[in-house]
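J.: sequence and predicted structure, then a few things I'm wondering about:
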Amino acid sequence: MGTVTLKDIAARAGVSLMTVSKVMRDAPDISAETKTRIKLLAQQMGYVPDSVARGLRYRKTKLLGLVIPSIANPIFARMVMAIEDKAHELGYELILAQTHNIPEREDSNIIRLLSRRVEGLLICPAYRPADEVRTYRELQHRGVPTVILGPTTSYCREFVNVECDDIGGSRAATQHLLKLGHTRIAFLTGPLLAPWAQRRLEGYRAALREAGLELDDKLVFQAGSTIEDGTKAAQQMLAESCNATAVQAATDMAAIGCAELLLKHNIAIPDTLSIVGFGNIMAAEYFRVPLTTVRQPKHGLGEAAFNVLTHLLGGKKPDPVQLGTELIIRASTGPARTKTGQ
């Protein structure tokens, strides 16, 4: 069976092609009775409006592009849900693209979305060590309304962004451990090139400085943002016997990976080692030792990002948005043990 056209509907309804076209445009000079009859017939015949063709005709596609590292990351799952809900409310369709933090894939995704004539973009960058990136320069040249999800860096600084307070959230987590008597706090970093990871490390260091403690680079371990990254960092931490009494991770996933390994080595949490994450993903609350963590307003970030984009689409120049974080204290943190040593 072929595609049902307006001409097919007109023939079946016994009206002109112009009448059917006006019905589909909801033109005011067609009676409500005729509109109802023809729309019902079109539905019965399986007619699907060509929204792209109509969009090109009126220079509006009602398409938006969303570029994120991975939908499997729980942080982005809630954010995408909020953005999609808001888009649906306003009659926009959302095209989702994943980069897996590969810059070349990000470039390819953005180019494809531009070819689909999206009206606006929301991008969580695949951060890279560059002062300028051709794809972002092209977005700026074309004047495509674009919102950055997360901190900006040199090559995307011209775009408005929505982020959470990474420094403040991380500082609060470190202060919590310090109040519990921990002075040797290991830190599992996030991806090296990600500004949000650098800011969380900065928050940790700031809290230590404020407490009058010297920074010990032997307590900082390179991790990333996955459970596997946290497991590897924990293995290195144990192998190097850094005598930490607490571990602070830049992400919940890394914290969970670290905690799993510690428990396998019969290291009690929090009696022997306390552990803190960042993000407050659902798995953090339901982990076998519920995780103390920093709550990111994931749904709120998604809503804020979409609101900023609608302002851009309306020709306005909105300000960047930074949302606050909240420390959630659970069972994975407790008073520092009296004797150090693994």
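T.: Alright, I've got the coordinates.
J.: going by C-alpha atoms from here, please, whenever you check contacts or count neighbours.
T.: Fine.
J.: in stretch 273-293, what counts as buried?
T.: Using 16 or more other C-alpha atoms under 10 Å as the test for burial, stretch 273-293 gives 273-281, 284-285, 289-293.
J.: which of these fall in helices?
T.: 284-285 (DSSP state H).
J.: out of the buried residues of stretch 273-293, what pair is the most spread apart?
T.: The largest separation in the buried residues of stretch 273-293, counting by C-alpha to C-alpha, is between 273 and 281 at 21.2 Å.
J.: okay, and which of the buried residues of stretch 273-293 map to strands?
T.: 274-276, 293 (DSSP state E).
J.: the helices in the protein, which residues?
T.: 6-13, 17-24, 32-44, 51-58, 74-89, 103-115, 134-142, 166-179, 195-210, 227-239, 252-264, 282-286, 298-313.
J.: so which of those helices is nearest residue 158?
T.: Per C-alpha to C-alpha, nearest to residue 158 of the helices of the chain: helix 134-142, 8.0 Å.
J.: pull the CA atoms of that closest one into CSV?
T.: Provided in CSV are the C-alpha atoms of helix 134-142 (Å, rounded to 0.1, in the frame of the first residue of the first chain):
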residue,chain,number,x,y,z
ARG,A,134,35.1,24.4,13.4
THR,A,135,31.7,22.9,14.2
TYR,A,136,31.0,25.3,17.0
ARG,A,137,32.2,28.2,14.8
GLU,A,138,29.8,27.1,12.2
LEU,A,139,26.9,27.1,14.7
GLN,A,140,27.8,30.7,15.7
HIS,A,141,28.2,31.8,12.1
ARG,A,142,24.7,30.4,11.2
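J.: buried residues of it, list them for me.
T.: For helix 134-142, by 16+ other C-alpha under 10 Å, it's 135-136, 139.
J.: again with stretch 305-320
T.: Quick answer for stretch 305-320 (16+ other C-alpha under 10 Å): 305-310, 312, 320.
J.: taking the centroid of the protein, which residue is nearest it?
T.: The chain has residue 76 as the residue nearest its centroid, 3.8 Å off, counting by C-alpha atoms, centre = their mean.
J.: so for that one, what's the pLDDT?
T.: Residue 76 is assigned 95 on the pLDDT scale.
J.: unless I'm mixing things up, it is touching residue 298, no?
T.: Yes - counting by C-alpha atoms under 8 Å, residue 76 touches residue 298, with 7.4 Å between them.
J.: skip the chain neighbours and tell me the closest residue to residue 70.
T.: Spatial nearest neighbour of residue 70, chain neighbours left out: residue 98 (5.3 Å); criterion: C-alpha to C-alpha, 6 or more residues apart in numbering.
J.: for residue 185, what are its contacts?
T.: Applying C-alpha atoms under 8 Å, 6 or more residues apart in numbering, we find residue 185 in contact with 177, 219, 244-248.
J.: what do you get if the cut-off is 6 Å, keeping everything else the same?
T.: Contacts for residue 185 were tallied using C-alpha atoms under 6 Å, 6 or more residues apart in numbering; they are 244, 246-247.
J.: quickly list what it is bridged to.
T.: Under DSSP bridges, the beta-bridge partners of residue 185 are residue 246.
J.: for PyMOL, write the selection for the buried entries among the contacts of residue 185.
T.: The command below creates a PyMOL selection of those among those that count as buried (16+ other C-alpha under 10 Å):
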select buried, resi 244+246+247
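J.: between the contacts of residue 185, which sits nearest residue 25?
T.: residue 247 (60.7 Å).
J.: from memory that closest one sits against residue 186, does it?
T.: Yes - counting by C-alpha atoms under 6 Å, residue 247 does reach residue 186; the two are 4.6 Å apart.
J.: now do the buried residues in stretch 34-44.
T.: Buried, per 16+ other C-alpha under 10 Å, within stretch 34-44: 35, 38-39, 41-42.
J.: contact partners of it?
T.: Contacts of stretch 34-44 (C-alpha under 6 Å, 6+ apart): residue 23.
J.: sorry, back to before: may I see the buried residues of stretch 34-44 arranged in a markdown table, with pLDDT as well?
T.: Output for these, formatted as a markdown table (pLDDT from 0 to 100):
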| residue | pLDDT |
| --- | --- |
| 35 | 90 |
| 38 | 93 |
| 39 | 88 |
| 41 | 92 |
| 42 | 88 |
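J.: make CSV out of these and add distance to residue 328.
T.: Shown next, in CSV, are the buried residues of stretch 34-44 (distance: C-alpha to C-alpha, whole Å):
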residue, distance to residue 328
35, 55
38, 56
39, 53
41, 56
42, 54
